[in-house]
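*Asks:* Provided below for reference: sequence and predicted model.
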Amino acid sequence: MDNSSHVVLPGSFRPLGSGAHRLRDLAPGARVDLTVTVRGPALPPADQPPATLKPDEFARDYSAKNEDVARVVDVLRDFGLSIDGVTQAGRSIHVSGSASAVEAAFHSRLGVYQSATQSEFRGREGGLEIPRELDGIITGVHGLDQRRVARRKASTAPQAAVVRPQPQTPADLEARYNFPQGTAAGQTIAVAEFGEPLTNGQFLPPVYMPTDVDAFLHRHGLPKANVQIVPVNLTPLTVSQLQQLPPAVQNAAAEEAVEVMMDVEIVAALCPQATVKVLFATFDQKGWVDLLDALTSASSSIPVALSVSWGSAEDSGDWSAAALAAINERLQIAAMHGITICVSSGDDGSGDGVSGRSAHVDFPAASPFVLAVGGTQLNPPGVSPQEVAWWESPGRRTKKGGGASGGGVSTKFARPQWQSVTVKSVNHAAIDGRVVPDVAALAGEPLYDLVFAGRPAPNGGTSASAPLWASLIARVNAQLPAAKQQRFLTPLLYSKNAHGKALGQLVCRDITLGTNTSHPSPGVGYEAGTGYDAVTGWGVPDGGQLLGNL
């Protein structure tokens with residue numbers, strides 16, 4: 001290996017995955033698909049709330065230089081790699097080739113790994129090296145490692161023996177959160193979904209069940225939805241394809257399908273005349289990059305909102321610094337297109353599923369370019385207050401149940417100037433980071449009334465709170481004058497009127513009771529209280545007030 005021809009790619013270091021071990025080298029002839037990130041003009045600082053740009057305006061001001069793109073293409077072709085496409089105004093180049101060609105280009109030392117959560121997957125450890133002539137031009141190489149960096153709430157099958165209050169119907173949710181009248185006609189809402197890995201290194205797509213959506217909408221007297229499936233780098237399975245899989249694989253696919261159908265049913269019910277685009281991608285770093293590229297590179301209409309019920313702790317070793325930066329850059333690009341990306345804050349409380357004595361927050365919820373959505377639960381009738389922060393013992397997910405609203409202070413992203421709130425991290429000597437969440441909605445009991453496999457299947461978590469907020473944003477956007485439409489909502493919630501009141505105080509109902517402390521790790525957390533807090537943000541929405549104030 002001639003190291004003199006290569007230089008280290010900053011931010012590319014990845015440690016050995018948690019609990020993982022290397023089984024063998026990747027076969028030299030194995031096909032590898034990559035997305036290479038190319039430098040472009042610097043985007044505005046996070047402190048500056050983005051003005052909405054049209055796609056051609058963004059391309060004009062922020063495209064990668066043609067000569068940089070051409071240089072990357074020429075050099076990678078010389079290594080035997082194929083160029084499969086260029087997206088995101090030249091900032092993303094899609095390439096493919098054999099493992100041996102990839103090794104020659106990036107010194108990646110690819111292998112086949114195994115961990116407790118993934119049977120076998122393609123992976124790497126350590127840093128990458130790129131051709132010296134591309135130093136400073138390439139800022140990231142994504143797709144070499146297929147370890148999981150997208151997780152969400154574990155599905156909860158309804159238990160007949162459990163007596164619980166009636167789950168919330170679409171009409172209940174509209175009334176509770178004062179949705180403005182309308183059907184979101186003319187609006188486009190996107191939903192992000194990711195796929196599981198198989199033992200051969202391929203990904204198992206989730207299953208999409210259109211008959212469940214139809215049955216759910218019929219159950220509530222709603223019209224058939226306009227749902228469009230968008231395969232980014234993964235195509236969802238049909239029910240007949242699912243039935244042909246081995247039983248163990250069927251079970252894994254069905255668990256993911258529960259969550260997929262929850263997202264789609266919530267949006268389709270609350271926005272019955274909108275276009276719902278469901279984007280499917282792999283749950284590795286490349287999947288995140290490709291999905292966000294697809295969101296803003298589409299030739300058709302740009303969505304007003306994207307619902308994301310997936311994430312992983314921002315300081316997990318599974319993220320490389322370069323990938324975190326690349327994904328955050330694409331989240332910013334989406335915000336600059338006026339897309340509000342509604343991201344669940346996580347279902348494991350202050351620990352975010354990580355062991356140890358430190359608190360953690362989820363990414364991409366921690367990004368300053370998304371709307372982070374926490375969770376609440378309802379008290380039994382007659383108990384005041386009726387809605388409190390979501391917390392079920394032990395404040396995190398276990399096989400026996402539990403969960404809590406994710407929230408806290410980021411250790412990776414500085415607090416933008418527009419987020420003018422005072423919340424101190426529970427971690428010792430921590431930075432004044434971005435605070436999560438921004439807002440909240442129902443996540444816990446009595447759950448959402450949903451359908452899966454043709455039967456009632458109540459479900460929840462912040463995985464449900466995010467699509468509810470995305471739906472509300474579309475309903476509001478449909479009734480705004482053209483000059484006020486398609487705006488990234490989050491910074492506006494912190495802007496203050498002449499009386500010193502933040503918009504979030506005016507358009508949200510404050511949730512003042514509850515905690516998100518997870519036990520035993522870290523055993524400390526945050527408390528809900530009057531005004532903004534790191535458990536439920538500004539609170540739950542009042543859709544009428546949101547429309548009136550925007």
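*Replies:* Received it, and whenever you're ready, just let me know what you need.
*Asks:* Arg31 bridge partners, please.
*Replies:* Ser98 (DSSP bridges).
*Asks:* Next, the contact list for it, please.
*Replies:* Contact analysis of Arg31 by CB atoms under 8 Å, 6 or more residues apart in numbering lists 96-99. Glycine gets a C-beta too; all of them are placed from N, C-alpha and C.
*Asks:* Export the residues you listed to JSON lines and append columns for distance to Tyr532 and neighbour count.
*Replies:* Formatted as JSON lines, the contacts of Arg31 follow (distance: CB to CB, whole Å; neighbours: other CB atoms under 10 Å):
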{"residue": "Ser96", "distance to Tyr532": "46", "neighbour count": "15"}
{"residue": "Gly97", "distance to Tyr532": "49", "neighbour count": "22"}
{"residue": "Ser98", "distance to Tyr532": "52", "neighbour count": "18"}
{"residue": "Ala99", "distance to Tyr532": "50", "neighbour count": "20"}
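*Asks:* Pick out whichever of those residues sits closest to Phe13.
*Replies:* Proximity of those to Phe13 (CB to CB) peaks at Ala99, which lies at 20.4 Å.
*Asks:* so what's that closest one up against?
*Replies:* 26-32, 110.
*Asks:* swap in Ala215?
*Replies:* Neighbour list for Ala215: 451, 454 [criterion: CB under 8 Å, 6+ apart].
*Asks:* same question, Glu133
*Replies:* Neighbours of Glu133 in contact, by CB under 8 Å, 6+ apart: 71, 75.
*Asks:* quick one, phi psi at it?
*Replies:* Note on Glu133: backbone dihedrals following degrees, to the nearest 10 are phi -70, psi -10.
*Asks:* For it, report the pLDDT, please.
*Replies:* Looking at Glu133, its pLDDT reads 97.
*Asks:* Ok, Pro158 next?
*Replies:* You'll see Pro158 listed with a pLDDT of 42.
*Asks:* what about Ser96, which helix or strand?
*Replies:* strand 92-98 (DSSP states H and E).
*Asks:* From the chain's centroid, how far away is whichever helix or strand comes after that strand?
*Replies:* Note on strand 92-98: by DSSP H and E, the next helix or strand toward the C-terminus is helix 99-106. Distance of helix 99-106 from its chain centroid, counting by CA atoms, centre = their mean, to the nearest Å, is 30 Å.
*Asks:* quick one: helix 99-106 to strand 92-98, angle?
*Replies:* With axes from the mean of the first three to the mean of the last three CA atoms, to 10 degrees defining the directions, helix 99-106 sits at 130 degrees from strand 92-98.
*Asks:* buried set for helix 99-106?
*Replies:* Under the neighbour-count criterion of 16 or more other CB atoms under 10 Å, helix 99-106 has 99-106 buried.
*Asks:* immediately after it, which helix or strand?
*Replies:* Where DSSP H and E defines the elements, the next helix or strand beyond helix 99-106 is strand 111-114.
*Asks:* just checking, what packs against that next one?
*Replies:* Helices and strands touching strand 111-114, by 3 or more CB pairs under 8 Å, 6 or more residues apart in numbering; DSSP states H and E, are strand 21-25, strand 121-123.
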